[in-house]
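In: I would like to see how this sequence folds:
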Amino acid sequence: MESWDLEHLQAADPASGLRAVGALHRLAERVEAVHVLGAREAGWSWEQIGEALGVTRQSVHAKYGKREGNV
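Out: Next up, the predicted model:
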């Protein structure tokens, strides 16, 4: 992964920077949800998904397991 110079990431207005961070978090959550659903539809176990995301199977199941039946 490329190393970032933090000076290039600083906004003149902290509020602008924080709004950008919030938007990135929301986007990452949506992208993650799409790919977790796709992995489950492809037959992946919660353990496989957790490993791919760098989290435990319990945490990914707790986050997405209830959604699975509502999709």
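In: Which residue ranges of the protein form helices?
Out: Using DSSP state H, the helices of the chain run over 6-9, 14-41, 46-53, 57-68.
In: tell me the angle of the last one relative to helix 46-53?
Out: Relative orientation of helix 57-68 and helix 46-53, computed by axes from the mean of the first three to the mean of the last three CA atoms, to 10 degrees: 110 degrees.
In: Ramachandran coordinates for Asp13?
Out: phi -110, psi 120 (degrees, to the nearest 10).
In: With Gly54 instead?
Out: phi 80, psi 30.
In: Pull up the gap between it and Val36, please.
Out: The spacing between Gly54 and Val36, counted by CB to CB, to the nearest Å, is 13 Å. The C-beta positions use only the backbone N, C-alpha and C, and glycine is treated the same way.
In: neighbour-wise, which of the two wins?
Out: Each of Gly54 and Val36 has its neighbours counted (other CB atoms under 10 Å); Val36 has more, 23 against 7.
In: possible to save the helices of the chain as TSV with mean pLDDT?
Out: Formatted as TSV, these follow (pLDDT from 0 to 100):
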stretch	mean pLDDT
helix 6-9	71
helix 14-41	96
helix 46-53	98
helix 57-68	92
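In: Deepest-packed of the ones you listed, please.
Out: Across those, averaging neighbours per residue (mean count of other CB atoms under 10 Å) puts helix 46-53 on top, at a mean of 16.
In: just checking, what packs against that helix?
Out: Where contact means 3 or more CB pairs under 8 Å, 6 or more residues apart in numbering; DSSP states H and E, helix 46-53 is packed against helix 14-41, helix 57-68.
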